[in-house]
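**Q** 3D, please:
(chains A and B)
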Amino acid sequence: MVMVQDKTDEIQQRMTILGELDIASFLPWIHRHAAKLGLGQTVAHADDARIELDLRGPEALIDMMEIGCLLGPIDVWVETIARAPCNAQFPNAKTTV
Amino acid sequence: MTDDTASAQAMTDEWYPVGLISQLDKTGRQTALMGEPIVVAHDADGQALVTGHNGRRLPVKLRYGHVWSSLGTPKKDIFAIPEADQPGRRFVDVGVVRVRCSPLRAVENFLDIAHFPFVHTDVLGAEPHTEVLNYTAEIRPDVDEVWATEVKFYQPQASKSASGGITTEYMYRVPAPTCSVLYKTCPPRPTEWDVITLFVQPLAEDLCDVWPWMALFDDETAMTDLIHFQQMIFLQDRSILENQVPRLLPLDPGMEIPTRADLTSIAYRRWLKRHNYTYGAQLVAR
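**A** Below you'll find the predicted structure:
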């Protein structure tokens, strides 16, 4: 049987992660976590204070990506995560806990 | 101070429950705190006494029905529970449940409502009411505590005094690394909160004694029934907790897929990480 993935519920969002980010540790972690969730991913910007990550996939899975990134690896401290439609200048949602 | 030393010291300097005030005696209770054997007793004058390795006298406080102690030098007092001074409440020492799991795992489980329908079936939850509605979880910088608010869940029997199913509202608070306070809808007094606490004594990184304590508005239920109800809940949790893998609480969610329903757990783990509270934690996902 051939399984055909339904792409109609997919969205694209930019996730902006701010904090004390050790990108040498965090970027590979992000790559693994997004792959595990089956999300399309492109890093648009990365430094030790800000990562801009473009994600593609179902909104519920992008939400799970956000929750996972809030904790992240042990040597990373995430202050806030904002999500917005790709290419938007201002985020429409912000999570900090 | 190295990172490892700072990490160990952060939790060493906290207060932990080590026994019930009502069970203090001269002979003493042989127990442990973070791997160190201790004895909890009272002296000839009836004063609580906690003795560590080689007879070292440890700090002692009596609060919320329990004896509290520390292996280090606590920089703060034990956290306040204002409801403990509120007239009309009944205070319930539930006793102790030993659990072979990380003390941090025991707290995290207490913060999780998603397991109610599956572990506390037909009591704290029931199918098909399994959805966790969105709620707020945060680290409050003014008090340096984790708080989760607006947590709502359908419960067939929310408490011993509940006579039928109700949508219960919860607030969770984590004021210390191994302690949590739950504020819960009080069926007999809708304007008040029942208070159920989880005080966890870390015996070792993967072994703990759980000391629940309650401050309730319930003048009717027999004390024995209140204790049995709460012990039943914690015994149901024990079988789950003792089978969790890994045994320590991961502070890196690399092997898990947390969802929005886990926001309180994530806030708790972030707070632990921020404070180097890592006794009982797994730092790297394996």
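
**Q** Going by C-alpha atoms from here, please, whenever you check contacts or count neighbours.
**A** Noted.

**Q** Distance check, the closest residue to A:L18 other than its chain neighbours against chain B.
**A** Take A:L18 and drop its neighbours on the chain: the residue closest to it by C-alpha to C-alpha, 6 or more residues apart in numbering or on different chains is A:R50, 4.7 Å away. Computed as C-alpha to the nearest C-alpha, to the nearest Å, the A:R50 to chain B distance reads 18 Å.

**Q** Double-check A:R50 against A:G19; I have them as touching.
**A** Yes: under the criterion of C-alpha atoms under 8 Å, A:R50 makes contact with A:G19 at 6.7 Å.

**Q** The two - which one has more neighbours?
**A** A:R50 (19 against 15; other C-alpha atoms under 10 Å in any protein chain shown).

**Q** On the pLDDT front, check the more buried one for me.
**A** Per-residue pLDDT puts A:R50 at 98.

**Q** For it, give me phi and psi.
**A** Dihedral pair for A:R50: phi -150, psi 130, per degrees, to the nearest 10.

**Q** Also the one 4 residues further on?
**A** The phi and psi torsions at A:D54 (degrees, to the nearest 10) take the values phi -90, psi 130.

**Q** Likewise for A:A60?
**A** Here is the backbone geometry of A:A60 (degrees, to the nearest 10): phi -60, psi -30.

**Q** ok, now which ones touch B:I78?
**A** B:W15 (C-alpha atoms under 8 Å, 6 or more residues apart in numbering or on different chains).

**Q** One more: B:L33?
**A** Applying C-alpha under 8 Å, 6+ apart, the residues contacting B:L33 are B:V18, B:S70, B:L71, B:Q201, B:P202, B:L203, B:A204.

**Q** can you do 6 Å?
**A** Contacts for B:L33 (C-alpha atoms under 6 Å, 6 or more residues apart in numbering or on different chains) come out as B:P202, B:L203.

**Q** If I look at it, what pLDDT would I see?
**A** On pLDDT, B:L33 comes in at 98.

**Q** Quick check: beta-bridge partners of it?
**A** B:E36 (DSSP bridges).

**Q** Tell me the residue of the stretch 1-150 of chain B that sits nearest chain A?
**A** Using C-alpha to the nearest C-alpha, the closest approach of the stretch 1-150 of chain B to chain A is made by B:E138 at 4.0 Å.

**Q** What segments of the stretch 151-286 of chain B are helices?
**A** With helices called from DSSP state H, counting those that start in this stretch, the stretch 151-286 of chain B shows them at B:223-241, B:263-274.

**Q** List the buried residues for the longest one?
**A** For helix B:223-241, the buried set under the neighbour-count rule, 16 or more other C-alpha atoms under 10 Å in any protein chain shown, comprises B:M223, B:L226, B:I227, B:Q230, B:Q231, B:F234, B:D237, B:R238, B:L241.

**Q** need the residues of chain A near chain B, please.
**A** A:M64, A:G68, A:L71, A:G72, A:P73, A:I74, A:V97 (C-alpha under 6 Å from any C-alpha of the partner chain).

**Q** now with 8 Å?
**A** A:29, A:33, A:63-64, A:67-68, A:70-74, A:77, A:96-97 (C-alpha under 8 Å from any C-alpha of the partner chain).

**Q** circling back: how about JSON lines for the helices of the stretch 151-286 of chain B, with distance to chain A added?
**A** What follows is these, written out as JSON lines (distance: least, C-alpha to the nearest C-alpha, whole Å):
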{"stretch": "helix B:223-241", "distance to chain A": "22"}
{"stretch": "helix B:263-274", "distance to chain A": "5"}
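
**Q** Could you tell me the least trusted of those helices?
**A** Among the helices of the stretch 151-286 of chain B, helix B:223-241 scores lowest, with a mean of 92.

**Q** Can you tell me what sits against that helix?
**A** Residues contacting helix B:223-241 (C-alpha under 8 Å, 6+ apart): B:92-95, B:97, B:99-101, B:105-106, B:109, B:119-120, B:159-160.

**Q** Convert the C-alpha atoms of it to CSV, please.
**A** Coordinates of the C-alpha atoms in helix B:223-241 are reproduced here as CSV (Å, rounded to 0.1, in the frame of the first residue of the first chain):
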residue,chain,number,x,y,z
MET,B,223,-9.9,11.8,58.8
THR,B,224,-9.2,8.2,58.0
ASP,B,225,-11.2,8.5,54.8
LEU,B,226,-9.4,11.6,53.8
ILE,B,227,-6.1,9.9,54.3
HIS,B,228,-7.1,6.7,52.5
PHE,B,229,-8.4,8.7,49.5
GLN,B,230,-5.1,10.6,49.1
GLN,B,231,-3.0,7.5,49.7
MET,B,232,-5.0,5.6,47.1
ILE,B,233,-4.1,8.4,44.6
PHE,B,234,-0.4,8.3,45.4
LEU,B,235,-0.2,4.5,45.3
GLN,B,236,-1.7,4.6,41.8
ASP,B,237,1.0,7.1,40.8
ARG,B,238,3.7,5.0,42.3
SER,B,239,3.3,2.1,39.8
ILE,B,240,3.7,4.6,37.0
LEU,B,241,6.6,6.5,38.5
